[in-house]
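In: For reference, the sequence and a predicted model appear below.
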Number of protein chains: 4
Amino acid sequence: MSIRELREAVLEANLALPRHGLVTFTWGNVSGIDRKEGLIAIKPSGVRYEDMVATDIVVLDLDGNTVEGSLRPSSDTATHLELYRRWPPLGGIVHTHSTHATAWAQAGRAIPAFGTTHADYFHGAIPCARPLSAAEVEGDYERNTGLVIVETMGETDPLAMPGILVNEHAPFAWGKSPDEAVHNAVVLEEVARMAWLTLSLNPQQAPIPDYLLDKHYLRKHGANAYYGQGGSR
Amino acid sequence: MSIRELREAVLEANLALPRHGLVTFTWGNVSGIDRKEGLIAIKPSGVRYEDMVATDIVVLDLDGNTVEGSLRPSSDTATHLELYRRWPPLGGIVHTHSTHATAWAQAGRAIPAFGTTHADYFHGAIPCARPLSAAEVEGDYERNTGLVIVETMGETDPLAMPGILVNEHAPFAWGKSPDEAVHNAVVLEEVARMAWLTLSLNPQQAPIPDYLLDKHYLRKHGANAYYGQGGSR
Amino acid sequence: MSIRELREAVLEANLALPRHGLVTFTWGNVSGIDRKEGLIAIKPSGVRYEDMVATDIVVLDLDGNTVEGSLRPSSDTATHLELYRRWPPLGGIVHTHSTHATAWAQAGRAIPAFGTTHADYFHGAIPCARPLSAAEVEGDYERNTGLVIVETMGETDPLAMPGILVNEHAPFAWGKSPDEAVHNAVVLEEVARMAWLTLSLNPQQAPIPDYLLDKHYLRKHGANAYYGQGGSR
Amino acid sequence: MSIRELREAVLEANLALPRHGLVTFTWGNVSGIDRKEGLIAIKPSGVRYEDMVATDIVVLDLDGNTVEGSLRPSSDTATHLELYRRWPPLGGIVHTHSTHATAWAQAGRAIPAFGTTHADYFHGAIPCARPLSAAEVEGDYERNTGLVIVETMGETDPLAMPGILVNEHAPFAWGKSPDEAVHNAVVLEEVARMAWLTLSLNPQQAPIPDYLLDKHYLRKHGANAYYGQGGSR
């Protein structure tokens, strides 16, 4: 993949955010990585989606040095970098303030797996990170956001749990490509909405049993997946 | 009806799902049946609605053998087949993960008939099936989903109760044609939303009395129906 | 106003319902009256909005006899007739199953005046009628629906309370013209939504004081109204 | 800025209200001020957005005398004037009845800062004014609405708290320009919606700590802001 293609893919994924109703104004950003070249492409900070073109997308190395582009990268860049460094399978990362997922993050609650819609994409409850301390917020804030995500996920396979809630803040989602990351961010928002409604109908609702969680997750993602036409999704 | 016409009708009904806001991505499928030929047409698995054409629609016999089409049929095909075999009046079946109906399914609650909107289409509470056991999930899962729907419905006339909630999962709806099945799926979602709001305004709300349920259902569907212009709806 | 003009106005008002998101499929109807001729024009029963033309609109006298049009009038016609006979100032009537107003009707609760949005149009709580008895439902149902609306309103000025909730059913709204009736139906739905949200933020919320209710209602509707450009709204 | 340009900016800002889903019918108004000339431009009262042109926008001096325009200015003009007189940094003011912010106003509750979405724009809880007394409502009502806003804000910097809830009524928002005022009204509505959802997931949820509030607010607005491309937002 050339830098031009990476930028195009990241531009397209960013433009998909308003199309899916996930962002208000400029609240959201998508990045992608070319693992071979060690290059990351990310949305510029505070630029309106309707004005954005491929050459606005900023290209950085894994240490955050700008390689191409004249704009300032997203203020959340250090978070993205931390996640790419930790998890080699990641090809794209999304951050949004989508309404329902943000409400769960603000309530400081993990989203339980209440049904098969959830289990088709997230192999268990979608975790909510602990709040950052004063020192973490006042220090290298965006990098510390990445570190607390990594701490919360622990040894979980990031492709089996392709999203998380940052406490007092909003969701991050990821995938093998920028496009798949956006797909997972859409699902996270819809699953958050359904789970909120479920609790309002039954505040004591328990999550689905593991055998149903496994069945649905593996029917779409395991070695013996039988959903779709044999492609990756 | 030729196979071509059946495929066209099923394609149209599938395309109506995103138009009515019932599906995210590829989460939903519609099938239709030609009872004379014993042939079922169903959406292919994991294909995007925006790309779908009539020849993508898979044609099967009632045992699930592909008769026409090169794609894999919906992963929920075995559920559809079970329902067509059980109920000869069914001409179309829809499965969606529409937001509010899915929340009721996730909460494991039947939707009470709280008003005439409900009674115009569903002659009583919309049932929620029992959860599947581990053995049922790990065995022939999609067929067992069909069997638990049949078990829950019992001797109920499927045209007087044209939808159900699969516990921990999402709704199915049906009708005399693929188009009517989609119509009922739209109503089920709207009725689920109104019932959720009703309970949030009055958690102890009782269902409407039988005489009102009968009045509305029969004014649209009975032998003396006087709604509409004399057609079937 | 000629019959042609009345039909056109009623057609336009009916087409405004889906545009304002107040109806699913054919669930809703608007009528208008020419008081001089004593003629009512109303939507035909069960006809899709996208297919409707002015000559589909049925013209009736105040006893419900068809004067022009070959289609069957709305099944709710007898309700409309009862209201026109009772209140000479009415020029248009709307019935919808709009989501939030219907939820209040299903919960059997009047909508309290919680703020100035409400007070700008409805001079007090929007009443909810008592449920109909078995005899009323099994008898002349649609006419009895009109009678219970009239009973609930009592001596209230219908132009100062241009809508009501029919228990276990859905809202009716009205105005000096079909267009104004639709306008009030839109406001009723929005006020119902805001009131539901208000109660979910504060279940004990009291209505606004009479002096604020009067101020807002009269600033728009009284003899000394100073909202707008001097027209009727 | 010429009067023509001021009117154009105010027209554009008014037309943005329905585009952002903040208004039903004519419920909302935006004004702008030319501080050098001491001239205010504001939406005319009760005119439909789809029909509005720049010359409909009314131009007034700070005492409320019409300088240009033949229409009656918004009935809320006296509120706008009070705020412009009190706070020299204000360049634009918006009043809407947006759904979720209005629900908070009707519930008489300030919106706590539950997350960074809020903190990016509002430096603390968004206040709710006390209800107006009978004398205040029956007297110079619209001016008194302005005075209670000023009273509630006290010594707060209006650019660090660019919006407020008027009890029993609805929100006002403002900014350095009409466009920025609309931007803040959109954020206020979205923050109100997220906060409602947050409380429904956790009724005891506490606001975020001051160090996180400061961090986000200052990352976007302080002297050392590092969000965006160096412009004002």
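Out: Right, received. Where do you want to start?

In: ok, residue A:142 touching residue A:79?
Out: Yes. Counting by CB atoms under 8 Å, residue A:79 is a contact partner of residue A:142 at 5.0 Å. To be clear about C-beta, it is placed using only N, CA and C from the backbone, and glycine gets the same treatment.

In: Counting neighbours, go ahead and name the busier of those two.
Out: Neighbours of residue A:142 and residue A:79, each counted by other CB atoms under 10 Å in any protein chain shown, are more numerous for residue A:79; the result is 25 against 17.

In: is it true that that one touches residue A:148?
Out: No. Between residue A:79 and residue A:148 there is no contact under CB under 8 Å: 9.6 Å.

In: Point me to the residue sitting closest to the centre of chain A.
Out: With distances taken as CA atoms, centre = their mean, the residue of chain A nearest its centroid is residue A:173 (1.2 Å).

In: Can you give the contact residues for the helix or strand hosting it?
Out: In this structure, residue A:173 is located in strand A:171-175 according to DSSP states H and E. Here strand A:171-175 makes contact (CB atoms under 8 Å, 6 or more residues apart in numbering or on different chains) with A:79, A:83, A:87, A:90-96, A:98, A:101-102, A:105, A:149, A:158-159, A:162-166, A:181-185, A:188-189, A:192.

In: now do stretch A:8-25
Out: The contact list for stretch A:8-25 (CB under 8 Å, 6+ apart) reads A:1, A:28-32, A:41-43, A:48-49, A:52-54, A:56-57, A:92, A:94, A:96-98, A:177-179, A:181-182, A:185-186, A:189, D:183, D:186-187, D:190.

In: Separate out the buried members of those residues.
Out: Buried positions within the contacts of stretch A:8-25, assessed by neighbour count (16 or more other CB atoms under 10 Å in any protein chain shown), are A:28-32, A:41-43, A:49, A:52, A:54, A:56-57, A:92, A:94, A:96-98, A:177-179, A:181-182, A:185-186, A:189, D:183, D:186-187, D:190.

In: Give me the subset of those lying in strands.
Out: Secondary structure of the buried ones among the contacts of stretch A:8-25 is defined by DSSP state E; positions in strands are A:28, A:29, A:30, A:31, A:32, A:41, A:42, A:92, A:94, A:96.

In: Return the distance of the fourth one relative to chain C.
Out: When distances are taken as CB to the nearest CB, to the nearest Å, residue A:31 and chain C turn out to be 36 Å apart.

In: Need the per-residue pLDDT for the closest residue to that residue other than its chain neighbours.
Out: Excluding its sequence neighbours, the residue lying closest to residue A:31 (CB to CB, 6 or more residues apart in numbering or on different chains) is residue A:42, at 3.9 Å. Turning to residue A:42, the model gives it a pLDDT of 98.

In: Now do stretch A:61-74: distance from first to last residue.
Out: 14 Å (CA to CA, to the nearest Å).

In: hang on, the earlier thing: check the ones in strands among the buried ones among the contacts of stretch A:8-25 and tell me the two furthest apart.
Out: Spatially, the most separated pair among these is A:41 and A:96, at 17.7 Å (CB to CB).

In: how about the residues of chain A that lie near chain D?
Out: Neighbours of chain D within chain A, by CB under 8 Å from any CB of the partner chain: A:24-25, A:27, A:44-47, A:71-72, A:75, A:97, A:99-100, A:102-109, A:131-132, A:134, A:137-138, A:141, A:168-170, A:196, A:199-200.

In: quick one: the helix ranked longest in chain A to helix D:178-201, angle?
Out: Using DSSP state H, we find that the single longest helix of chain A is helix A:178-201. Angle of helix A:178-201 versus helix D:178-201, following axes from the mean of the first three to the mean of the last three CA atoms, to 10 degrees, is 50 degrees.

In: distance of the residue lying closest to residue A:185 once chain neighbours are set aside from chain C?
Out: Closest residue to residue A:185 apart from its sequence neighbours, by CB to CB, 6+ apart: residue A:173 at 4.0 Å. Between residue A:173 and chain C the distance is 28 Å, computed by CB to the nearest CB.

In: about what we covered before: give me the ChimeraX select line for the residues of chain A next to chain D, limited to the buried ones.
Out: Only the buried entries of the residues of chain A next to chain D go into this ChimeraX selection, using 16+ other CB under 10 Å:
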select /A:24,25,27,44,45,46,47,71,72,75,97,99,100,102,103,104,105,106,107,108,109,131,132,137,141,168,169,170,196,199,200
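
In: what pairs with the residue nearest to residue A:69 when sequence neighbours are not counted across the strands?
Out: In space, and not counting its chain neighbours, residue A:69 is closest to residue A:58: 3.9 Å by CB to CB, 6+ apart. Beta-bridge partners of residue A:58, counted by DSSP bridges, are residue A:42.

In: Please tell me the pLDDT value assigned to residue A:58.
Out: Reported pLDDT for residue A:58: 98.

In: Quick one: the helices in chain A, in order.
Out: For chain A, helices defined by DSSP H occupy the ranges A:3-19, A:77-86, A:99-107, A:116-119, A:134-138, A:141-153, A:178-201, A:210-221.

In: hmm, the last one in reach of chain B?
Out: Yep, that's helix A:210-221 we're talking about. Yes. Judged by CB under 8 Å from any CB, helix A:210-221 and chain B are in contact via A:211, A:212, A:215, A:219.

In: and the residues you listed as CSV, adding pLDDT, distance to residue B:124 and neighbour count?
Out: What follows is the residues of helix A:210-221 next to chain B, written out as CSV (pLDDT from 0 to 100; distance: CB to CB, whole Å; neighbours: other CB atoms under 10 Å in any protein chain shown):
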residue, pLDDT, distance to residue B:124, neighbour count
A:211, 97, 32, 15
A:212, 97, 28, 24
A:215, 94, 31, 19
A:219, 86, 33, 19
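
In: Distance to residue C:6 for these - can I get that in TSV?
Out: Converted to TSV, the residues of helix A:210-221 next to chain B look like this (distance: CB to CB, whole Å):
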residue	distance to residue C:6
A:211	64
A:212	59
A:215	61
A:219	59
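
In: rewinding a little: what's the spacing between the strand holding residue A:173 and its chain's center?
Out: Centroid displacement of strand A:171-175 relative to its chain, using CA atoms, centre = their mean, to the nearest Å, is 1 Å.
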